[in-house]
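Trainee: the following block contains a protein sequence and its predicted model.
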2 protein chains.
Amino acid sequence: MLELAILGFLYGAPLHGYVLRRHIAALTGHVRPVAESTLYPAIKRLEKAGLLVRATEPGAVAAPRHVLRLTEDGGRELKRRLAEPAQREITDENHWFTLLAFLRHLEDPAAQAAVLRRRLAFLEEPASFFYDGDRPLRAEELDDPFRRGVLTIARATSRAELAWLRDTLASLDRAGR
Amino acid sequence: MLELAILGFLYGAPLHGYVLRRHIAALTGHVRPVAESTLYPAIKRLEKAGLLVRATEPGAVAAPRHVLRLTEDGGRELKRRLAEPAQREITDENHWFTLLAFLRHLEDPAAQAAVLRRRLAFLEEPASFFYDGDRPLRAEELDDPFRRGVLTIARATSRAELAWLRDTLASLDRAGR
DNA sequence: AGACAATACCTCGGTGACGATGTATGCCGT
DNA sequence: ACGGCATACATCGTCACCGAGGTATTGTCT
């Protein structure tokens, strides 16, 4: 998820670590903050894998900056991760939102639509958080107000997302024709 | 999050690992599956910390089971984690839903309301995923349909949750009087 | 002049999570 | 008789992530 965000932000726009950090904080920081001690090692991993290169520039205000630029491999890897996300990226909202934030970089409407369809299939599966044996329970069947809240909120999210998915898929299909 | 789920499921209902695993899979598995190799070490950690005890029973169908039972410390720790959640438990929906699933165990309506109010405060902060400088961007201002989707879905979730929070807080306040 | 915040990057130790793999039993279908 | 599946638990190596702490520079407030 973090690596995807790094690749996504660097795609077509070289940045140095500090600015990248603020971009990532804006994207997911209110929900799931990313520590500096996570970001810098992640950058090094990507550099070691040949997905980005660093160029030292004198700092505009303070210490020297390491300007990060995606390599061609890095661009390809971003598109691969966007086009063929792991199942976790589809099911976990945090991961999914990060993917959506950069899905435009995939360019091909058919490939974008294929990813949205995977999310659609996931949302259309009957699933709950609470069960009576194998039967998923509905919000109305629960006495517990907190568990009822979980289902109520999840249902609202699901409805909004399904509507958006169907709209967006329709317009991507039009674009693909 | 996993430890909270273990403590929550065991509260008042001893279970063995295999059943616990299925409970956890039902609760969060469709979004974020938990590997066996994560659950068993987590159980051991909690046992080592004195929060639960294991009793070996002959297996009903197969290998012997380890029936897990919360200790008094375990019950106290569950309530402590429910009453004083880390900020991550409040902001990250995955964590928050897990907390909500067990918040009824807190019993005291005032304590439950205090936790809900922390979530309410978080949701009422103006926040976005995308910014123009420091200004949060609204869905309508975005050209990117995928980023627009993120904001549309987040807004729907937020609205549903705010409505539910206010309702539930009102009835908790009535119960507290 | 000195304190402090912001910029900018880095290392280290600990730990939680994962995939792969192993062990063993009992039931069911063929 | 035997394979496959569900039950039931466990270990191992690897790695991402975190908090704490460190280094250095520039600008701002007092």
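Mentor: The structure has been received and is ready for your questions.

Trainee: does stretch A:126-138 come close to DNA strand D?
Mentor: No: on the criterion Cβ under 7 Å from any atom of the strand, stretch A:126-138 is out of touch with DNA strand D, staying 11.1 Å away. No exception for glycine: its C-beta is placed from N, CA and C like everyone else's.

Trainee: buried residues in the longest helix seen in chain A?
Mentor: Scanning chain A for the helix with the most residues, using DSSP state H, yields helix A:145-176. By 16 or more other Cβ atoms under 10 Å in any protein chain shown, the buried positions in helix A:145-176 come out as A:145-154, A:156-158, A:160-161, A:164-165, A:168-169, A:172.

Trainee: got the residues of chain A near DNA strand C?
Mentor: A:16-19, A:36-37, A:40-41, A:43-44, A:59-66.

Trainee: that older thread, centre of the chain to the longest helix of chain A, how far?
Mentor: 16 Å (Cα atoms, centre = their mean, to the nearest Å).

Trainee: between helix B:145-176 and that helix, find me the angle.
Mentor: 170 degrees (axes from the mean of the first three to the mean of the last three Cα atoms, to 10 degrees).

Trainee: report the rounded mean pLDDT for helix A:145-176.
Mentor: Helix A:145-176 shows a mean pLDDT of 94 in the predicted model.

Trainee: chain A - how does it break down into domains?
Mentor: Per automatic domain parsing, the domain ranges recorded for chain A read A:2-71, A:108-176.

Trainee: low pLDDT regions in chain A?
Mentor: Low-confidence segments of chain A (pLDDT under 70): A:59-60, A:176-177.

Trainee: ok, now with 80
Mentor: By pLDDT under 80, the weakly predicted segments of chain A are A:57-63, A:127-128, A:133-134, A:175-177.

Trainee: who in it is up against DNA strand D?
Mentor: Those residues of chain A that sit near DNA strand D, judged by Cβ under 7 Å from any atom of the strand, are A:1-3, A:32-38, A:41-42, A:45, A:59, A:61-63.

Trainee: about what we covered before: need the domains of chain A in JSON lines with distance to B:Pro109, can you?
Mentor: Converted to JSON lines, those look like this (distance: least, Cβ to Cβ, whole Å):
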{"stretch": "domain A:2-71", "distance to B:Pro109": "28"}
{"stretch": "domain A:108-176", "distance to B:Pro109": "10"}
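
Trainee: out of those domains, which comes closest to chain B?
Mentor: Closest to chain B of the domains of chain A is domain A:108-176 (Cβ to the nearest Cβ; 3.2 Å).

Trainee: pretty sure A:Tyr18 sits against A:Arg65.
Mentor: Yes: A:Tyr18 is in contact with A:Arg65 according to Cβ atoms under 8 Å; the separation is 7.0 Å.

Trainee: more neighbours: which of the two?
Mentor: In terms of neighbours (other Cβ atoms under 10 Å in any protein chain shown), A:Arg65 is the more surrounded of A:Tyr18 and A:Arg65; the figures are 19 against 15.

Trainee: quick one: which of the domains of chain A is nearest B:His95?
Mentor: domain A:2-71 (9.2 Å; Cβ to Cβ).

Trainee: any residue of the closest one touching chain B?
Mentor: Yes: on the criterion Cβ under 8 Å from any Cβ of the partner chain, domain A:2-71 is in touch with chain B at A:Ala26, A:Leu27, A:Thr28, A:His30, A:Val31, A:Arg32.

Trainee: I'd like those residues laid out as JSON lines, including distance to A:Arg104, neighbour count and secondary structure.
Mentor: As requested, those are exported to JSON lines (distance: Cβ to Cβ, whole Å; neighbours: other Cβ atoms under 10 Å in any protein chain shown; DSSP: H, G, I helix; E, B strand; the rest coil):
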{"residue": "A:Ala26", "distance to A:Arg104": "17", "neighbour count": "16", "secondary structure": "helix"}
{"residue": "A:Leu27", "distance to A:Arg104": "14", "neighbour count": "24", "secondary structure": "helix"}
{"residue": "A:Thr28", "distance to A:Arg104": "17", "neighbour count": "21", "secondary structure": "helix"}
{"residue": "A:His30", "distance to A:Arg104": "22", "neighbour count": "15", "secondary structure": "coil"}
{"residue": "A:Val31", "distance to A:Arg104": "21", "neighbour count": "21", "secondary structure": "coil"}
{"residue": "A:Arg32", "distance to A:Arg104": "22", "neighbour count": "17", "secondary structure": "coil"}
